[in-house]
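Asker: output the structure for:
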Amino acid sequence: MTLEYALLDVFANAPFQGTQIPVLNLAGRSLDEATKKAIASEFQQTETVFIEPEKPVPASVYNARGPQRFGAHTILAAAYMAFELGLCKKEGQFASFLLKQDRGLIESFIDDNGGTPGAIQFARVLSPTVDRYTPEVARLAAALNTEEKHISFSKYKPMVVSVDSPTLIVPFTRPQHVLAASLDHERWVELLGDMYTSEVFLFAPGSITGATEFHGRLLNPGLARDVFPPIGNVMPEFIAYLAEQQETVAGTHTFSIDRGSLDSRKSVLHAEFDKKPGKEVRCRIGGNVIKMGEGRLLHA
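Answerer: You can find the predicted model right below:
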């Protein structure tokens, strides 16, 4: 029996941009974990989404290592296909789709463009933990193969923020310095004794696409030098980081951020968040999804 799949470009402002996410429709089928892992490995993408209409939780995410948590990219991919498959609740000019993760619900909103899915965003409530203690800027700069001035003259300061996973957030002055950064593994190992995370998110005011307020890049010791992985999964941490800044006044704030390099695929993510004294941070994260192709797996 064959399985139908779609290949989506998520957080893409144009074809062949964004992050590629395969989505399989398992209507009428039930696959075990080993088969899902094998299929995810076959696609060789960051993650693969399985839509399972008959189950109480109608979607799951896998990569070659096994089941994964939903992140920004896979939430948008699942919502896009759920709309196409008629699994969403119609709400007039948009539709909504609910996913369950752990004990909470993730609600997505999909613009209805005459029966085709438009822009998609999802809502979350963030309860972050923040650690302002980080290694000295000089040590961070050395570990990131950059000059100290590219970090020290930013109006922001490094901080470890945890929503889904602890992330060291390091501000830079310009996007080109973010693009040029790389990990010095020996110096980075020396820093790990002072921190409880190996995930690093670099950002700077500015844009490489000309369409955003920030540019961001995710680094960790397992990545090659010129790899620019998706950043959607650290957006909750970045939003919490921005909300934590003293100059971020109470109210609703919007921003956009791009990811990639001048010679690689680029993503554009849009976000807004509500900051209220003594309250959890409520946020919405969204972007565009482009269906790039459809196909069938013949030996699933």
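Asker: Asn233 is in contact with Gly71, correct?
Answerer: Yes: with contact defined as CB atoms under 8 Å, Gly71 reaches Asn233; the gap is 3.6 Å. All C-beta spots, glycine's among them, are computed from the backbone N, C-alpha and C.
Asker: contact partners for the residue most central in space within the chain?
Answerer: Geometric centre of the chain, nearest residue: Gly232, 1.0 Å, by CA atoms, centre = their mean. Residues near Gly232 by CB atoms under 8 Å, 6 or more residues apart in numbering: Val10, Phe11, Thr19, Gly71, Ala72, His73, Leu76, Ser267, Leu269, Ile285.
Asker: how near is the last one to Ala72?
Answerer: Using CB to CB, to the nearest Å, we find Ile285 at a distance of 5 Å from Ala72.
Asker: and for Glu199?
Answerer: Taken as CB to CB, the span from Glu199 to Ala72 is 15 Å.
Asker: so between these two, which is more surrounded?
Answerer: A direct count of neighbours by other CB atoms under 10 Å for Glu199 and Ala72 places Ala72 higher, at 26 against 19.
Asker: are there residues contacting both of Ile285 and Ala72? Which ones?
Answerer: Shared contacts of Ile285 and Ala72, defined by CB under 8 Å, 6+ apart, comprise Phe122, Gly232, Met235, Leu269.
Asker: what segments of the stretch 101-250 of the chain are strands?
Answerer: Taking DSSP state E, counting those that start in this stretch to define them, one finds strands in the stretch 101-250 of the chain at 104-113, 116-126, 129-131, 159-162, 166-171, 200-205, 214-219.
Asker: does anything pack onto the third one? Which helices or strands?
Answerer: Using 3 or more CB pairs under 8 Å, 6 or more residues apart in numbering; DSSP states H and E as the contact criterion, the secondary-structure elements in contact with strand 129-131 are strand 159-162, helix 235-244.
Asker: so which of these is the most surrounded?
Answerer: helix 235-244 (a mean of 23; mean count of other CB atoms under 10 Å).
Asker: average pLDDT across it?
Answerer: For helix 235-244, the mean pLDDT works out to 97.
Asker: for stretch 70-86, same thing?
Answerer: The pLDDT scores in stretch 70-86 average 96.
Asker: could you export that stretch as CSV, CA atoms only?
Answerer: The C-alpha atoms that make up stretch 70-86 are tabulated as CSV, following Å, rounded to 0.1, in the frame of the first residue of the first chain:
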residue,chain,number,x,y,z
PHE,A,70,6.3,19.9,18.0
GLY,A,71,8.1,23.1,17.2
ALA,A,72,7.3,26.1,15.1
HIS,A,73,8.0,24.5,11.7
THR,A,74,6.2,21.3,12.3
ILE,A,75,3.2,23.1,13.9
LEU,A,76,2.8,25.2,10.7
ALA,A,77,3.3,22.2,8.5
ALA,A,78,0.7,20.1,10.4
ALA,A,79,-1.8,23.0,10.3
TYR,A,80,-1.4,23.5,6.6
MET,A,81,-2.1,19.9,5.8
ALA,A,82,-4.9,19.7,8.3
PHE,A,83,-6.6,22.6,6.5
GLU,A,84,-6.2,20.8,3.1
LEU,A,85,-7.6,17.6,4.6
GLY,A,86,-10.6,19.2,6.2
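Asker: flag every buried residue along it.
Answerer: In terms of neighbour count (16 or more other CB atoms under 10 Å), stretch 70-86 has its buried residues at 70-84.
Asker: of all the residues you listed, which two lie farthest apart?
Answerer: By the measure CB to CB, Gly71 and Glu84 form the most distant pair in those, at 20.7 Å.
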